[in-house]
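*Asks:* I would like to see how this sequence folds:
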Amino acid sequence: MLRSAAALVDGGRAGTLSRLEEVLEFAQSQGYKKLGLAYCWGLEDLAISLLKIIKTRGLSATAVSCTVGAEPQSALNSASKRSGVACNPIGQAHQLHAEGVDFAVQVGLCLGHDVLFTREFQGDQTTLIVKDRKFAHNPLLGVESLSKFDLLSRTV
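*Replies:* Model prediction:
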């Protein structure tokens, strides 16, 4: 695994591949046969596009929405005023195991749900997209924003 990871950056390749290209190349170099996407239902269109891309690379893939199991929101939080289905990251991990996934890829799971998924999924995994609703899933913008704020607040 270390050699596969190193091959993504050695020989001047660092910065030449997108995160998705890295994930796909890593998966192929490791010999994974089936990738599993654990995705947020709000990113379902993206998950469908990712499945198509993965399959064009000759890999098998499946995707499981965070709403797997269709548990009502009220079943998890009786104080919730939201109707609808609750997120179920543990169910996602179990479903991906049941489908024989070699390598799981997180796509926009909420904070906390990603932790639960990571804890429950007992195989290799990585994150493709970190959820950051404020900054269009680019948490680096939040770091830059807070850094500027902190610098301004110190000069006051």
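*Asks:* just the helices in the chain please.
*Replies:* Ranges of helices within the chain are 2-7, 19-30, 44-56, 73-76, 89-98, 113-120, 139-155, based on DSSP state H.
*Asks:* wait, which of these is closest to residue 126?
*Replies:* helix 19-30 (6.2 Å; CB to CB). Yep, even glycine has a C-beta here, placed from its N, CA and C like the rest.
*Asks:* what's the closest one packed up against?
*Replies:* helix 2-7, helix 44-56, strand 103-107, strand 124-129 (3 or more CB pairs under 8 Å, 6 or more residues apart in numbering; DSSP states H and E).
*Asks:* Include distance to residue 16, mean pLDDT and mean neighbour count when you put the ones you listed into TSV, please.
*Replies:* Output for the helices and strands packed on helix 19-30, formatted as TSV (distance: least, CB to CB, whole Å; pLDDT from 0 to 100; neighbours: other CB atoms under 10 Å):
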stretch	distance to residue 16	mean pLDDT	mean neighbour count
helix 2-7	12	74	11
helix 44-56	18	96	15
strand 103-107	20	98	24
strand 124-129	18	97	17
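*Asks:* Format the ones you listed as a markdown table; extra columns: distance to residue 75.
*Replies:* Converted to a markdown table, the helices and strands packed on helix 19-30 look like this (distance: least, CB to CB, whole Å):
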| stretch | distance to residue 75 |
| --- | --- |
| helix 2-7 | 40 |
| helix 44-56 | 22 |
| strand 103-107 | 24 |
| strand 124-129 | 27 |
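*Asks:* Which of the ones you listed sits closest to residue 26?
*Replies:* Nearest to residue 26 among those is helix 2-7 (5.6 Å), distances taken as CB to CB.
*Asks:* who's in contact with the closest one?
*Replies:* Contact with helix 2-7 is made by 13, 25, 26, 29, 30, as judged by CB atoms under 8 Å, 6 or more residues apart in numbering.
*Asks:* To residue 148, which of the helices and strands packed on helix 19-30 lies closest?
*Replies:* Closest to residue 148 of the helices and strands packed on helix 19-30 is strand 124-129 (CB to CB; 24.4 Å).
*Asks:* same for the closest one, what does it pack against?
*Replies:* Contacts defined by 3+ CB pairs under 8 Å, 6+ apart place strand 124-129 against helix 19-30, strand 103-107.
*Asks:* how about TSV for these, with distance to residue 134 added?
*Replies:* Formatted as TSV, the helices and strands packed on strand 124-129 follow (distance: least, CB to CB, whole Å):
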stretch	distance to residue 134
helix 19-30	20
strand 103-107	18
